[in-house]
Structure formats: structure tokens, C-alpha cells
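Colleague: For reference, the sequence and a predicted model appear below.
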Amino acid sequence: MISLRRYASLCALLSVLVIPLAGQGPGKSTSEKKPPTNGKASAVSVKAGQSVYNTYCAICHLAASTEKKVGPGLKGLGKREKFSGGEKITDDSLRAWIEKGGKDMPPFKETLTPEQIRDVIAYVKTL
């Protein structure tokens, strides 16, 4: 029987291998964009983040619920003050969690570009 961690890692690996067949590799951003200067994510960044989320995150996380799938549901993440472990939720802490992984979550630093990570953070904050 395959462990949840191994399953999540396998899914991430498969998505890296399959996406180039669809003509859009994992390192490609859906558009060239600069970070917003007013501290708010642009609609383009949120939309790009939704695409990244659907490809890499939705396999383990529910967007429309706080219920656990493999990992916790992310609905309302942008309104929460802290992770379940007590750490404050900020763009930097979300970035670190995505890049390094955690408990049962594989790291995505080598899978996603910095722009894709920024975009997925923008998206999950809207849930």
C-alpha cells in the first residue's frame, strides 16, 4: 500500500511529466507580469495561481472547504491568522511552506517557479 506522502510526491512528479505534453511546461508562467505595487495581487496573478493550484495543489487540498482531503482544506486561508501549528500566516510563511513542504506535503521549490509560487499564494488568499 502506498503512503499518502509517497502518493502526493508521485502526483506532483506525474504532473511535471504530463504538463509538457499539453504544451505548457511547469516552468512556464501563463503571462509575464510584475508583482503589484499596492500590496494587492492582480486579477491576472490570482487567475494564474488558480491554474497552478488546480494542477499541483487540488490533488491534496480542497479549495471550497476546510475539510481535510490529504492535506487541510484551504477555504478561508486568507482570513486565518495562524496555521494549525501556531505560526502566523503571511506571504513569506506560505512561500516557505510551499517551497520546503511539511508534514505530509512534498516541497515544490524545484517544481514551481517563484512567479508560480507568488501566483498560487495570491489565489489561496482569495479562497
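Modeller: Right, received. Where do you want to start? Remember, it's a predicted structure, so these values are computed and weren't measured experimentally.
Colleague: Let me know the next secondary structure element after the helix or strand of the chain with the lowest mean pLDDT.
Modeller: Lowest mean confidence among the helices and strands of the chain (mean pLDDT, DSSP states H and E): helix 4-18, at a mean of 48. Next helix or strand after helix 4-18 toward the C-terminus (DSSP states H and E): helix 43-52.
Colleague: Check which helices and strands that following helix is in contact with.
Modeller: Judged by 3 or more C-beta pairs under 8 Å, 6 or more residues apart in numbering; DSSP states H and E, the packing partners of helix 43-52 are helix 114-124. Any C-beta I mention is one placed from the backbone N, CA and C, and that applies to glycine too.
Colleague: State the mean pLDDT of stretch 118-127.
Modeller: If you average the pLDDT over stretch 118-127, you get 96.
Colleague: shaky segments in this structure?
Modeller: For the chain, the stretches flagged by pLDDT under 70 are 1-40.
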